[in-house]
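Peer 1: Give the three-dimensional model of this entry:
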Amino acid sequence: MLPTKSLALNAQLSTLHSQLPAAVEVENVVKTFGVGDQRVFALRQVHFAAQFGELLMMVGPSGCGKTTLLSAICGTLQIDEGRIRTLGHALDEMKPGELTRFRGKNIGFIFQQFNLIPTLTILENASVPLLINGRKRAEAEERAAHYITGLGLGDRLRSFPSQLSGGQQQRVAIARALVHEPRLIICDEPTASLDAKSGHKVMELLQETALRADRAVIVVTHDSRIFEFADRIAEMEDGVVKGIHAQEKKR
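Peer 2: The predicted model follows:
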């Protein structure tokens, strides 16, 4: 069950968010897979917006389109119909090279699969986004070490992914997503492999990032332990956003 708040509070918070600029705008988006009789709708006329300065969670049963929508928002999946603007840009109008550079600079990804490079230490793994964006190695590793330490792995900087538990690898993946200070952070089940304490530490860091006026975080999750960190919760079902609920949080 989602946390419930008073109608008056929901209305007040919804009004506040509606006055903020949108980090992501999704209008009447349709995405299908297959052709003819085998055509399956993953997204059906999806419409919603994620605001700067907020942490938006997306919840719903497996297979309802949450991950498909995340992929469309960051431009790794083409939509069939509709319109998406991410950080003020229509990604489908960008050339492949422009889109790659845009994502590398502006979007941080945290997925269920850690995707760490096995031959690199965790410090080197977390440094990769900064190196791609042209930072010097010493500067990149110093910033990466700061984020890794903040996630409780400061004593494992020279370890390789194979030497860490699944939960520790997830924390490295999170450090890598945050290290270049992206304006939009896309998260797919970021706490799925973490215990309650580690999950809360991760969400506190994500929440702190989202509170900045020029950034936003979108989190897909089944983890009810972290609902309290959301500014708003969007419920998806059968490829449609059924509703978005604003909620009160302790800052």
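Peer 1: what residue ranges in the stretch 101-250 of the chain are flagged as low confidence?
Peer 2: 248-250 (pLDDT under 70).
Peer 1: Show me the helices in it, by range?
Peer 2: Defined through DSSP state H, counting those that start in this stretch, the helices belonging to the stretch 101-250 of the chain, from first to last, are 122-132, 137-150, 166-178, 196-210.
Peer 1: Now those helices in a markdown table, please, with extra columns for mean neighbour count and distance to V241.
Peer 2: The C-beta positions use only the backbone N, C-alpha and C, and glycine is treated the same way. What follows is the helices of the stretch 101-250 of the chain, written out as a markdown table (neighbours: other Cβ atoms under 10 Å; distance: least, Cβ to Cβ, whole Å):
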| stretch | mean neighbour count | distance to V241 |
| --- | --- | --- |
| helix 122-132 | 22 | 30 |
| helix 137-150 | 18 | 32 |
| helix 166-178 | 23 | 24 |
| helix 196-210 | 18 | 19 |
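Peer 1: now those helices in a markdown table, with distance to L56?
Peer 2: Putting these into a markdown table (distance: least, Cβ to Cβ, whole Å) gives the following:
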| stretch | distance to L56 |
| --- | --- |
| helix 122-132 | 22 |
| helix 137-150 | 22 |
| helix 166-178 | 16 |
| helix 196-210 | 8 |
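Peer 1: So which of these is nearest Q51?
Peer 2: In terms of Cβ to Cβ, the element of those nearest to Q51 is helix 196-210, at 9.8 Å.
Peer 1: show me the contacts for the residue nearest the centre of the chain.
Peer 2: Per Cα atoms, centre = their mean, the C-alpha nearest to the average position across the chain is that of I186, at 1.7 Å. Counting by Cβ atoms under 8 Å, 6 or more residues apart in numbering, I186 makes contact with L70, I73, C74, I107, G108, F109, I110, I218.
Peer 1: Distance of it relative to L153?
Peer 2: 22 Å (Cβ to Cβ, to the nearest Å).
Peer 1: okay, now E181: neighbour count?
Peer 2: Residue crowding around E181 was assessed by other Cβ atoms under 10 Å; the count is 16.
Peer 1: What helix or strand is N28 located in?
Peer 2: Secondary structure from DSSP states H and E places N28 in strand 22-33.
Peer 1: What are the contacting residues of whichever helix or strand comes after that strand?
Peer 2: Remark: after strand 22-33, the chain's next helix or strand is strand 40-51, criterion DSSP H and E. Around strand 40-51, the neighbours that count as contacts under Cβ under 8 Å, 6+ apart are 17, 20-34, 56, 65, 68-69, 72, 79, 82, 216, 218, 234, 238-241, 244.
Peer 1: Narrow the residues you listed to those that are buried.
Peer 2: The neighbour count (16 or more other Cβ atoms under 10 Å) marks 17, 22-26, 29, 31-32, 56, 65, 68-69, 72, 79, 82, 216, 218, 234, 239-241, 244 as buried among the contacts of strand 40-51.
Peer 1: how about the nearest residue to E139, chain neighbours excluded?
Peer 2: Spatially, and ignoring its direct neighbours in sequence, E139 is nearest to L130 (7.3 Å; Cβ to Cβ, 6 or more residues apart in numbering).
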